[in-house]
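Novice: What follows is a protein structure lacking sequence information:
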């Protein structure tokens, strides 16, 4: 009788312990993703502000009197931004909607999304630049694969499913 009581109590404690660890790791995972989304939104707003300021500076120059020259200058500016942010796992692109608008298609609304595919995990944000450049659509994509992989490794390690590192035989 004592052994049955001990075993059942021990199993109950283990179930409660592992359930608690699972719930906490799920909560921490969601919190981390939400924090990454908030940080990405802040970075997106910073990029929008800087890009709008720089495009305004380009628009004020006399040498961009033709629309084609201005579009080329904006493309060159965006490539510089893309190179800089690409070093930080951020991919950006700008689309001029005037060149790709279909008849009666409303402009897209800003949206933040967490995506996963075979290439990894990404936080993507799409939004229009403010007036008078609201015809430019900015696409932002932050690669968070390493963050998600680390969170999963920590969760798996805490539950005891696998180790964080491999051991080698000597």
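Specialist: Thanks, I have it. Please read these numbers as outputs of a predicted model, since none were measured by experiment.
Novice: Of all residues in this protein, which one is nearest the centre?
Specialist: Compute the mean C-alpha point of the chain, and by C-alpha atoms, centre = their mean the closest residue is residue 123, 2.1 Å away.
Novice: Who does it form a beta bridge with?
Specialist: As for beta bridges, residue 123 partners with residue 114, residue 142 under DSSP bridges.
Novice: Just to check, it is in contact with residue 144?
Specialist: Yes. With contact defined as C-beta atoms under 8 Å, residue 123 and residue 144 form a contacting pair (5.8 Å). Placement of C-beta: from N, CA and C, glycine included.
Novice: Find residues that contact each of these two.
Specialist: residue 36 (C-beta atoms under 8 Å, 6 or more residues apart in numbering).
Novice: where does this protein have low pLDDT?
Specialist: Scanning the chain for pLDDT under 70 picks out 62-68, 99-109, 158-170.
Novice: if we go to 90?
Specialist: Residues of the chain meeting the criterion pLDDT under 90: 1-4, 6-7, 14-15, 17-37, 55-77, 88-89, 95-120, 127-137, 145-170.
Novice: would you list every one of the helices in it?
Specialist: Ranges of helices in the chain, per DSSP state H, are 2-59, 67-86, 97-100, 145-159.
Novice: wait, which of those is closest to residue 118?
Specialist: Shortest distance between residue 118 and these, using C-beta to C-beta, is found for helix 145-159: 11.0 Å.
Novice: Give me the packing partners of that closest one, helices and strands only.
Specialist: For helix 145-159, the elements it packs on are helix 2-59, strand 120-128, judged by 3 or more C-beta pairs under 8 Å, 6 or more residues apart in numbering; DSSP states H and E.
Novice: Report the angle between it and helix 2-59.
Specialist: 170 degrees (axes from the mean of the first three to the mean of the last three C-alpha atoms, to 10 degrees).
Novice: and the angle from helix 145-159 to strand 120-128?
Specialist: Going by the same axes, to 10 degrees, helix 145-159 makes 130 degrees with strand 120-128.
Novice: Identify all contacting residues around helix 145-159.
Specialist: Everything outside helix 145-159 that qualifies as a contact, by C-beta under 8 Å, 6+ apart, is 18, 21-22, 25, 28-29, 32-33, 36, 119-122, 162-164.
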